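J.: prediction below, plus the sequence it came from.
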Amino acid sequence: MFERKNLSRSLRFAEKKEQLHRRGRRACWVFFVGAMGLVAFLIWRIYLLFTVVHVVCTLDNQSCSEDTMSLAHRLVGRSMFETLHIIDDSLSVRVQKKWPNTLVVSFTQPQILVTFTPSSSAVSVYSLTQNGLITATRATEPIPFTDLELEQLIVGTHVSPTTLNFYRTLVELITQPSLPVSLQKVVAVSSNEVHLFFDGRLEVVVREETIDQEMHSLQILLQAPTIEHTGKVFDLRFRDPVMRSQ
């Protein structure tokens, strides 16, 4: 009888001990879940604090148009910790962060490299920008480029990198103020060949594949267009050198 009582007490004690262990484990689990929930809540609040809420948009230092404003507002809701950028083929874009939740998006129109007047096209004038984009424009450039081939390109498309480099090099030369002759006409025969007319008479053919050599030779020729030989002066600016008496 006494042994049964002791056994019964031992069983009740073991049951109570097991119940306490269960309660302890349950309490630890509840505490862990609560702590993780608190951490998640804090992370979420920090994420919201550093989420893009405000966007300041400018286009050439002026207020943005409706289209550019819509483009800039695509960044709303993104994290400030991300690398934020906007890709636009026709505009240059700069994104500046102002913590904790504001972006300043500055759009700028690329500078015009040359303006073309097509010989026959629905578009009266269009331009090639510094980033190689063909755009419709009413602006005119000091150099009257007449185009015979590039008018086939579609406004909004880009020229090839080699064509862009070709025109950059060409424009760099023919816009130098120190040239002793005046450029009156430029005809783009193709995307990689241009004819230059100086003073209405001189014609120089410049091709893409040899532009570096041709530009160097042309630059020397235009800055020193004559040579002296046996007491006579030869004008080298023309296809058939003109002899001039001193």
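T.: In hand now; what should we look at? Numbering: from 1, shown residues only.
J.: all contacts plus neighbour counts: C-alpha atoms, from now on.
T.: Will do.
J.: helix, strand, or coil at Leu196?
T.: Under DSSP: H, G, I helix; E, B strand; the rest coil, the three-state class of Leu196 is strand.
J.: against Ile112, how distant is it?
T.: According to Cα to Cα, to the nearest Å, Leu196 and Ile112 sit 20 Å apart.
J.: ok, now Ala72?
T.: As it turns out, when the distance is counted by Cα to Cα, Ala72 lies 24 Å from Ile112.
J.: now do the end-to-end distance for stretch 86-100.
T.: The stretch stretch 86-100 measures 20 Å between its terminal residues, going by Cα to Cα.
J.: what mean pLDDT would you report for that stretch?
T.: Confidence over stretch 86-100, taken as the mean pLDDT, stands at 80.
J.: got the domain ranges for the protein?
T.: By the record's domain assignment, the chain is partitioned as 1-49, 54-108, 112-245 (automatic domain parsing).
J.: just the pLDDT for Val56.
T.: In this prediction, Val56 carries a pLDDT score of 90.
J.: which element is the closest residue to it other than its chain neighbours on?
T.: The shortest distance from Val56 to any non-neighbouring residue, by Cα to Cα, 6 or more residues apart in numbering, is to Val104 (4.7 Å). Taking DSSP states H and E as the criterion, the element that holds Val104 is strand 102-108.
J.: show me what the helix or strand just after that strand is packed against.
T.: Scanning the chain past strand 102-108 towards its C-terminal end, the next helix or strand to appear is strand 112-118 (assignment: DSSP H and E). Using 3 or more Cα pairs under 8 Å, 6 or more residues apart in numbering; DSSP states H and E as the contact criterion, the elements in contact with strand 112-118 are strand 126-129, strand 145-147, helix 161-174.
J.: would a markdown table of those with mean neighbour count be doable?
T.: Rendered in a markdown table, the data for the helices and strands packed on strand 112-118 read as follows (neighbours: other Cα atoms under 10 Å):
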| stretch | mean neighbour count |
| --- | --- |
| strand 126-129 | 22 |
| strand 145-147 | 21 |
| helix 161-174 | 16 |
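J.: weakest of those by average pLDDT?
T.: Mean pLDDT is lowest for strand 145-147 among these, at a mean of 64.
J.: now distance to Tyr47 too, for the helices and strands packed on strand 112-118, in a markdown table please.
T.: What follows is these, written out as a markdown table (distance: least, Cα to Cα, whole Å):
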| stretch | distance to Tyr47 |
| --- | --- |
| strand 126-129 | 40 |
| strand 145-147 | 54 |
| helix 161-174 | 42 |
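J.: cool, thanks, talk later.
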